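Visitor: below is the sequence, then the predicted model.
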Amino acid sequence: MLQVGPKSAGSTPGPACYGRGGVAPTITDAMAVQNLIGHLPLGYGAVSVDHAAARAAFAPLAERLDSPVELVAADVLAIAVSGMFAEVSGLISRFAIDPREFHLFAFGGAGPVLACFLARELDLKGIVVPPAPGVVSAFGGLIADLKNDFIATLYREATAEAMEEVAGVFGTLVGRARAWLEQQGHQGPGALRLSADMRYAGQSFEIETPIESTWVDFPDLDTLRSAFHGEHARIYGHADTEGAVQVVNLRVVIMAATPKPSLVKPDGATGPLQPTLTVAAHFDGRPHQVPVFVRGDIRPGHRLPSPAIIAQDDTTTVIPPGFATEVDRFGNLVITRDRR
């Protein structure tokens, strides 16, 4: 039977359609075979998609299956999406949420390519594609608050004799945390969050128990034990206030806010949106005439038909039939499935 993964072609040699020496068919090649990507240069001109190379990579597989390459490519995409479905549906069940109330946030180079197909299977409310999906992670790294964890393993029973050592280790961790924050160029002490991984003697698991930062200056056994009993009761509904308590790990988290940029609202649409070109492409093995739009031409207030392909330097957004797309005031694509 057809299998997709777990191996990846990576960036070297990469998909066959990238022309870097790859010969094995990949998900990217499957999208190229269906003519869903590669109509404009990718990677700021660094990547051109070779559709013929993608078809050549799929040809032996299509011959063995006695099926057109477009159908085989559609099957590969369906199998890849089914694997994503299995992983995400497990998380949805774990957190007991209704997927029909949520949008899928599509980022990275591959996210917008596959998001609609996955959202369709999960029956999600819709998809949100930000203006520059390929650099969202980097943008998040640049604007994220400073934060670091400092942990020490202790393994001590919570007794009066151990309190001085516990407080000393906490003090050392706090000193390391503040030194790290200063090394990052931040002025000021930052915010500290202290906790201890604790358990009853004989338990095989620990509970992270929040500790007031003032406890370090005035270490008190009863306060420490009470904090653990309270957390145990909150999670499990009971506590053994007379039981022996062990301190396994001490943890200090330091945080400091960083400057945040103001989001710029792009100018709104002044007229109807026109496609740059129209291509013959396949969705679910069926041929369609599909308009290709350039992301830079799309403005707040525009509405896009489906199916559609939206090309930009850092990704391609693929919108299958049965979806409606609007552009919000920040330039995000808000793609909603037509439930009819």
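Guide: Looks like it arrived, so ask away. Residues are numbered from 1 along each chain as shown.

Visitor: from here on, contacts and neighbour counts on C-alpha atoms
Guide: OK.

Visitor: my read: Val252 touches Lys147, true?
Guide: No: counting by CA atoms under 8 Å, Val252 sits too far from Lys147 to count as a contact (10.5 Å).

Visitor: those two - which one has more neighbours?
Guide: Taking other CA atoms under 10 Å, Val252 and Lys147 do not tie; Val252 has more neighbours (25 against 16).

Visitor: surely the more buried one is within a helix?
Guide: No: assigned with DSSP: H, G, I helix; E, B strand; the rest coil, Val252 falls outside any helix and is strand.

Visitor: residue ranges of the helices in the stretch 201-340 of the chain, please?
Guide: 221-236 (DSSP state H, counting those that start in this stretch).

Visitor: wait, I meant the stretch 1-150 of the chain
Guide: 27-33, 51-65, 69-94, 111-122, 136-143.

Visitor: please work out which of the ones you listed is packed deepest.
Guide: helix 27-33 (a mean of 26; mean count of other CA atoms under 10 Å).

Visitor: domain ranges for the chain, per the record?
Guide: Domain ranges of the chain: 16-86, 89-137+265-337, 145-256, per automatic domain parsing.

Visitor: kindly check the end-to-end length of the longest one for me.
Guide: By that I understand domain 89-137+265-337. End-to-end distance of domain 89-137+265-337: 18 Å, with CA to CA, to the nearest Å as the criterion.

Visitor: Gly38: neighbour count?
Guide: By other CA under 10 Å, the residues close to Gly38 number 19.

Visitor: cool, the one 4 residues further on as well?
Guide: As a burial measure, the neighbour count of Leu42 was computed by other CA under 10 Å and equals 19.

Visitor: mind listing what it touches?
Guide: Going by CA atoms under 8 Å, 6 or more residues apart in numbering, Leu42 touches 48, 312-315.

Visitor: what about it, distance to Cys116?
Guide: Going from Leu42 to Cys116 by CA to CA gives 20 Å.

Visitor: then Arg329?
Guide: 21 Å.

Visitor: over to Gly108?
Guide: Note on Gly108: its distance to Cys116, by CA to CA, is 14 Å.

Visitor: same question for Thr241.
Guide: Between Thr241 and Cys116 the computed distance is 53 Å (CA to CA).

Visitor: Ala96 too?
Guide: 22 Å.

Visitor: likewise Val247?
Guide: Noted for Val247: a distance of 48 Å to Cys116, by CA to CA.

Visitor: can you check Glu326 too?
Guide: 14 Å.

Visitor: okay, now Gly171: neighbour count?
Guide: Residues near Gly171, counting by other CA under 10 Å: 15.

Visitor: I'd say it and Val216 touch.
Guide: Yes: counting by CA under 8 Å, Gly171 touches Val216, with 6.7 Å between them.

Visitor: what about stretch 60-75, distance to the chain center?
Guide: Relative to its chain's centre, stretch 60-75 lies at 31 Å (CA atoms, centre = their mean, to the nearest Å).
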